[in-house]
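Q: Fold the following, please.
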Amino acid sequence: MGVRMLVAASGRTGELVVRGDGPGLLQLADAILSGNHHVETSAMADVAPYDEALSGIRITACTRPTTRVGKQADGTMIISGPSSGLRILADNMRALAESDTSGHHLHIEYFPGHFYLDHESTPLVVELG
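A: Residues are numbered from 1 along each chain as shown. The predicted structure follows:
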């Protein structure tokens, strides 16, 4: 599945970023709900203000108790976790995509006691744009 969206990493803030239009974020939400999936993204020539374009997102449903977001050495984003955590993440992306307000965004970030994110998760910003 190829989706036109920016998937990038910021060396300055340590965040991962996904920026897409409504249909693209809806496709990503569906892929997250399906569990085991690899979403290839279109190459972007200019990822400014971020430092590195990532080549895709690998989604893995597993039995670990919490959901983890991170960057792999091969230049892909990883999202892994139980179906309950993946569903929450997908529902949040779907709500953003359906808001139809360009520029709106979500910060998905672990804090102590977070109910579905793993403490090793990399902060993620999802932007509608």
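Q: Quick check, residue 90 in contact with residue 26.
A: No - between residue 90 and residue 26 there is no contact under C-beta atoms under 8 Å: 9.7 Å. C-beta here means a position set from N, CA and C on the backbone, and glycine is covered the same way.
Q: mean confidence score for stretch 64-75?
A: Throughout stretch 64-75, pLDDT has a mean value of 95.
Q: Does anything pack onto the lengthiest helix in the chain? Which helices or strands?
A: For the chain, the longest helix by residue count, based on DSSP state H, is helix 83-99. Packing partners of helix 83-99 (3 or more C-beta pairs under 8 Å, 6 or more residues apart in numbering; DSSP states H and E): helix 22-34, strand 56-61, strand 77-81, strand 105-108, strand 124-128.
Q: could these be laid out in TSV, adding mean neighbour count?
A: Shown next, in TSV, are the helices and strands packed on helix 83-99 (neighbours: other C-beta atoms under 10 Å):
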stretch	mean neighbour count
helix 22-34	20
strand 56-61	19
strand 77-81	23
strand 105-108	16
strand 124-128	20
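Q: could you dump the ones you listed to TSV with distance to residue 47?
A: Below are the helices and strands packed on helix 83-99 laid out as TSV (distance: least, C-beta to C-beta, whole Å):
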stretch	distance to residue 47
helix 22-34	16
strand 56-61	14
strand 77-81	13
strand 105-108	16
strand 124-128	13
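Q: Between those, which one is closest to residue 94.
A: Of all the helices and strands packed on helix 83-99, it is helix 22-34 that lies closest to residue 94, at 4.4 Å by C-beta to C-beta.
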